[in-house]
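# show me the folded form of this:
(one chain, ligands or ions: 2)
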Amino acid sequence: MRTIQTISITTQKGGVGKTATALALAAGLAKQGYKTLLIDSDPQCNATFASGIDPAGDHGTLYDLYERACSASDVLLDTEAGYKLIPGSLRLTTADLKYSGTLNREYILRKALKSIDKLFDYAVIDTPPQIGLLVENALVITDKLIIPATADAFSIQGLLQYSELLGELKNAFEDNLHFEVAGILLTRYSDRTNISRTLSDSLYEIAEHLHTKVFTTRIREAVAVRESSLARQNIFTSHPTAAVTKDYDNFINEFLEGGS
Ligand SMILES: Nc1ncnc2c1ncn2[C@@H]1O[C@H](COP(=O)(O)OP(=O)(O)OP(=O)(O)O)[C@@H](O)[C@H]1O
Ligand SMILES: [Mg+2]
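Residues are numbered from 1 along each chain as shown. Ligands and ions are numbered 1, 2, ... in the order given. Below you'll find the predicted structure:
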């Protein structure tokens, strides 16, 4: 029997490469032959758009699962990259307010996905840059968490806040969060980025606090990432020989070698 591994890409910091990483990870896993599902849990729908699906198109979305309007198999879409997609929905922007009175609201996604989890080796979840119901629903089903960060002071400060928040969530959810932080992924990295000693020390301290590591692989800053999203193609198809594509390949292998 297949056991799905769920990987969430989360942090409350915006613009640090969550979506780019989710897209590359889903495409890379599919390329390696794994049955992969990408769930766009960000109402901005960037991952849906970049997967070649029109977020406003005539298809079911994650919103329908939150509304319990259909079953998960009804909202699975094929993508050119080879992974299946549960598209995001702008209507989930108000999820926190809308479901505030709903019983077991943090477990809606877990319940909805039960019927399809035997179909996949991996589920990758892209999440919004605010901690709330959508992230909590993702964390409840997460086995491995990947936290992207850029190498600048504000990002590291955000990382510190996020690590404290994760601790608070673990307490609040008691035994219901079982994820392991697979690592902190440095993204949008430039050789000219001069990580100061203080910044580097903080980064490794935060990793230690989270009982995790900083991935050895760093994802460089490269226009190919932006171009692939605009072209609505995965980076392995649009820029197969780019150095940043190799970074993502190396990262996926490092992640898989880490026992995932
Ligand atoms: N390695 C990279 N090199 C160059 N540009 C990148 C890289 N990674 C991401 N970008 C670009 O930076 C912007 C932000 O990246 P992305 O959307 O992946 O971040 P995010 O954390 O998902 O943002 P949000 O919090 O808004 O969801 C995008 O325009 C994306 O194309
Ligand atoms: Mg994003």
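
# so how far is the one helix or strand in the chain whose mean pLDDT sits lowest off the chain centroid?
Scoring the helices and strands of the chain by mean pLDDT, DSSP states H and E places helix 197-209 at the bottom, with a mean of 89. From the chain centre to the centre of helix 197-209 is a distance of 22 Å (C-alpha atoms, centre = their mean, to the nearest Å).

# wait, T217 touches L256, no?
No. Under the criterion of C-beta atoms under 8 Å, T217 is not in contact with L256, lying 11.8 Å apart. The way it works is simple: take the backbone N, C-alpha and C, and place the C-beta from them, glycine included.

# quick check: residues of this protein near ligand 1?
14-20, 42, 44, 46, 129, 187-188, 219, 221-222, 225-226, 229, 244 (C-beta under 6 Å from any ligand atom).

# follow-up on the earlier one: looking at T217 and L256, which is more packed in?
Neighbour count, other C-beta atoms under 10 Å: between T217 and L256, T217 has more, with 19 against 14.

# quick check: phi and psi at the most centrally placed residue in the chain.
Ranked by distance to the mean C-alpha position of the chain (C-alpha atoms, centre = their mean), the top residue is I9 at 2.6 Å. Dihedral angles of I9 (phi, psi; degrees, to the nearest 10) stand at phi -110, psi 110.

# what's the answer for Q12, then?
Dihedral pair for Q12: phi -80, psi -10, per degrees, to the nearest 10.

# just the pLDDT at the residue of the stretch 101-250 of the chain found nearest ligand 2, thanks.
Nearest residue of the stretch 101-250 of the chain to ligand 2, counting by C-beta to the ion: D126, 6.0 Å away. Predicted confidence (pLDDT) for D126: 98.

# excluding covalently adjacent residues, which one is nearest to it?
Spatial nearest neighbour of D126, chain neighbours left out: A22 (3.7 Å); criterion: C-beta to C-beta, 6 or more residues apart in numbering.

# I'd guessed the one you found sits against T48; true?
No. Between A22 and T48 there is no contact under C-beta under 8 Å: 11.0 Å.

# returning to that earlier point: is any residue of the next helix or strand after the least confident helix or strand of the chain near ligand 2?
Using DSSP states H and E, the helix or strand that directly follows helix 197-209 along the chain is helix 223-230. No. Legend: contact between helix 223-230 and ligand 2 by C-beta under 5 Å from the ion is lacking; minimum distance shown is 10.0 Å.

# now do the buried residues in the helix or strand that helix 223-230 is followed by.
Counting by DSSP H and E, the element after helix 223-230 in chain order, helix or strand, is helix 235-238. Residues of helix 235-238 classed as buried by neighbour count (16 or more other C-beta atoms under 10 Å): I235, F236, S238.

# now helix 235-238 - C-alpha only, PDB.
Extracted in PDB, the C-alpha atoms of helix 235-238 (Å, rounded to 0.1, in the frame of the first residue of the first chain):
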ATOM      1  CA  ILE A 235      11.700  25.300 -15.000                       C
ATOM      2  CA  PHE A 236      12.900  21.900 -16.100                       C
ATOM      3  CA  THR A 237      11.000  22.300 -19.400                       C
ATOM      4  CA  SER A 238      11.600  26.000 -20.000                       C
END
